[in-house]
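*Asks:* sequence and predicted structure below; questions after.
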Amino acid sequence: MIEHSGEARTFERHELTAWRRYALSSLFAIALFGYPIVGGLVSILGVESRTLTVPFRIFVFSLSLLLFFRTGPFRFQWIPTTVFCFWGLYLLRLINDAFFAKLEGADFALQLFVLASVAPVLALWRNNWFDPLYLGWCSFVVACIGVIIGLFAATGVDNTLTGDTGRLTSEALNPVTLGLTAATAILCAAVLWRSLPKVLWLPTAASLVVMLYALTRAGSKGPAAALVVCLAVWIVARTVSRGLVATVRVAATLLVLGIAAIYWLPLLTGSQEFQDLPLVERTQRIFEDKSTTDRENMIDDSIAQIQDSPWIGSAYVELNSGFYPHNVVIEAGLAVGVPVALIFFVVLVACLYRAFLLLTFKNKNAVFGLLFIQALISSLLSNSLFGAVTLWTLLIIIAAVATQKPSEFRGRQP
């Protein structure tokens with residue numbers, strides 16, 4: 001239940017030593033947002049991707065294993081229990097596709113899911129400690145470092161790759177990951193800004209300018225849309241307690257400003273340089289973009305594949321293309337069948353409701369609500385089940401920070 005101080009009863013600071021708190025914060029930030037650092041270093045050092053990514057995954061797994069073992073009872077809530085059961089079925093699918101069906105990439109998906117998602121989530125769940133200041137600012141720092149390294153790798157080392165499309169990219173770091181990491185840093189700073197000492201205002205503001213630059217140059221529509229939606233939902237949520245009229249007024253204003261920013265601002269500025277930014281250009285031709293049409297075709301093929309085997313699923317990917325459909329709910333239908341996918345969808349909706357309720361209170365737990373909404377949008381537009389470590393982690397955190405009975409804290413005061 002959310003307390004007046006903005007902290008949850010599940011924090012239990014007195015049960016954790018200082019080193020464990022810092023280790024958990026580091027695990028959260030590195031596991032969720034640390035890959036851009038590795039991807040950027042791969043390009044800067046000119047080494048093969050596996051040279052750094054494999055040790056990175058092993059480090060995350062080892063730290064998770066170290067933190068998982070502690071004294072105290074295991075605590076089960078219905079959302080984590082349902083998620084763990086879903087994991088069991090999904091692991092069976094990955095094992096079958098990797099060792100029996102011999103589908104290409106299934107062994108990598110299995111390894112990535114266990115090392116990068118299951119292990120850190122279990123460690124965080126076992127310790128049952130989610131401090132928004134520790135986790136939020138650690139995430140901000142790690143995300144900023146990753147984006148800055150990614151910028152240097154894309155513009156200073158792999159500028160030939162950048163020049164092909166105008167989008168920031170590098171050998172081991174795609175534009176979507178770079179844009180999503182930059183948006184994450186912006187969200188963390190937006191919620192936690194008031195907790196920042198004044199001496200750090202200027203460097204933090206400068207970092208945010210760099211994050212905005214990276215987001216626009218990455219040209220990724222999904223992360224940009226998720227950032228806009230999250231900030232809009234946060235503003236709307238804070239106005240809910242002020243009445244229906246205020247809520248409708250704010251929502252309508254945000255909608256009008258959003259449409260104006262997307263379609264009219266480039267025309268009003270008259271700056272060709274601004275209009276040539278990858279994000280602006282791709283947003284203006286969103287319905288003509290090849291990546292959009294490719295994903296629409298992949299989703300159509302995935303739905304057809306689900307219809308052929310609706311009860312137990314058929315494969316962890318869409319078989320015609322060999323790729324995941326960039327939508328975790330549809331992917332769940334592919335992998336484990338429609339009934340289990342519907343249960344998974346119910347869990348997502350329940351956590352979305354809890355995340356929105358967290359945003360209605362003036363406490364720092366709102367950072368978890370915003371990060372969950374961002375992760376959910378990303379998972380519905382571009383992510384996979386085996387790589388959605390942010391979604392899995394925030395599902396567990398939302399279940400722990402928010403009460404199992406939202407009606408009990410709906411009326412509590414900030």
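*Replies:* Cool, got the structure. Residues are numbered from 1 along each chain as shown.
*Asks:* for the closest residue to residue 57 other than its chain neighbours, grab the count of nearby residues.
*Replies:* Nearest non-adjacent residue to residue 57, counting by CB to CB, 6 or more residues apart in numbering: residue 115, 4.5 Å away. Placement of C-beta: from N, CA and C, glycine included. Look at residue 115: counted by other CB atoms under 10 Å, it has 21 neighbours.
*Asks:* and residue 139, by the same measure?
*Replies:* For residue 139, using other CB under 10 Å, the count is 27.
*Asks:* ditto for residue 114
*Replies:* 16.
*Asks:* could you measure from it over to residue 210?
*Replies:* If you measure residue 114 against residue 210 using CB to CB, to the nearest Å, the figure is 34 Å.
*Asks:* re earlier: the residue nearest to residue 57 against residue 56, yeah?
*Replies:* No. Counting by CB atoms under 8 Å, residue 115 sits too far from residue 56 to count as a contact (9.5 Å).
*Asks:* can you pull out the helices in the stretch 151-300 of the chain?
*Replies:* For the stretch 151-300 of the chain, the helices defined by DSSP state H, counting those that start in this stretch occupy 159-165, 175-192, 201-218, 221-239, 244-259, 265-269, 272-275, 278-284, 290-308.
*Asks:* now swap in the stretch 1-150 of the chain and tell me
*Replies:* Under DSSP H, counting those that start in this stretch, the stretch 1-150 of the chain gives helices at 18-33, 35-45, 49-68, 78-99, 106-112, 119-127, 132-152.
*Asks:* adding distance to residue 179 and mean pLDDT, write those helices out as TSV.
*Replies:* Output for those, formatted as TSV (distance: least, CB to CB, whole Å; pLDDT from 0 to 100):
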stretch	distance to residue 179	mean pLDDT
helix 18-33	13	91
helix 35-45	10	87
helix 49-68	20	91
helix 78-99	27	95
helix 106-112	21	95
helix 119-127	23	92
helix 132-152	9	92
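*Asks:* nearest to residue 397, out of the ones you listed?
*Replies:* helix 119-127 (7.3 Å; CB to CB).
*Asks:* distance between the closest one and the chain's centre?
*Replies:* In terms of CA atoms, centre = their mean, to the nearest Å, the centre of helix 119-127 is found 17 Å from the chain centre.
*Asks:* now stretch 314-321
*Replies:* On the basis of CA atoms, centre = their mean, stretch 314-321 sits 24 Å off its chain's mean C-alpha point.
*Asks:* which positions in stretch 140-160 come out as buried?
*Replies:* Under the neighbour-count criterion of 16 or more other CB atoms under 10 Å, stretch 140-160 has 140, 142-154, 157-158 buried.
*Asks:* stretch 345-355 too?
*Replies:* Applying 16+ other CB under 10 Å to stretch 345-355 flags 347-348, 350-352, 354-355 as buried.
*Asks:* pLDDT on that stretch, on average?
*Replies:* Mean per-residue pLDDT for stretch 345-355: 94.
*Asks:* likewise stretch 370-388?
*Replies:* Here the average pLDDT along stretch 370-388 is 92.
*Asks:* pull the CA atoms of it into CSV?
*Replies:* Extracted in CSV, the C-alpha atoms of stretch 370-388 (Å, rounded to 0.1, in the frame of the first residue of the first chain):
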residue,chain,number,x,y,z
LEU,A,370,5.9,5.9,-16.2
LEU,A,371,8.6,3.3,-16.9
PHE,A,372,6.0,0.5,-17.0
ILE,A,373,3.8,2.4,-19.5
GLN,A,374,6.9,3.1,-21.6
ALA,A,375,7.9,-0.6,-21.5
LEU,A,376,4.4,-1.7,-22.4
ILE,A,377,4.2,0.6,-25.4
SER,A,378,7.6,-0.6,-26.5
SER,A,379,6.7,-4.2,-26.1
LEU,A,380,3.5,-3.7,-28.1
LEU,A,381,5.4,-1.9,-31.0
SER,A,382,8.9,-3.3,-31.2
ASN,A,383,10.0,-5.8,-28.5
SER,A,384,10.0,-9.5,-28.0
LEU,A,385,9.0,-11.8,-25.1
PHE,A,386,12.6,-13.1,-24.7
GLY,A,387,14.1,-9.6,-24.8
ALA,A,388,11.5,-7.7,-22.8
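*Asks:* thought residue 53 was touching residue 40?
*Replies:* No. Contact criterion CB under 8 Å: residue 53 and residue 40 do not qualify, at 11.8 Å.
*Asks:* could you tell me the least trusted of the helices of the stretch 151-300 of the chain?
*Replies:* helix 159-165 (a mean of 46).
*Asks:* out of the buried residues of stretch 140-160, the closest to residue 23 would be?
*Replies:* residue 142 (13.9 Å).
*Asks:* picking up where we left off before, if you count what's nearby, which of residue 53 and residue 40 comes out ahead?
*Replies:* Neighbours per residue, other CB under 10 Å: of residue 53 and residue 40, the larger number sits with residue 40, 28 against 18.
*Asks:* nearest residue to the more buried one in space, please, no chain neighbours.
*Replies:* Nearest to residue 40 is residue 149, by CB to CB, 6+ apart, at 3.5 Å.
*Asks:* from the buried residues of stretch 345-355, which land in strands?
*Replies:* Among the buried residues of stretch 345-355, no member falls in strands (criterion: DSSP state E).
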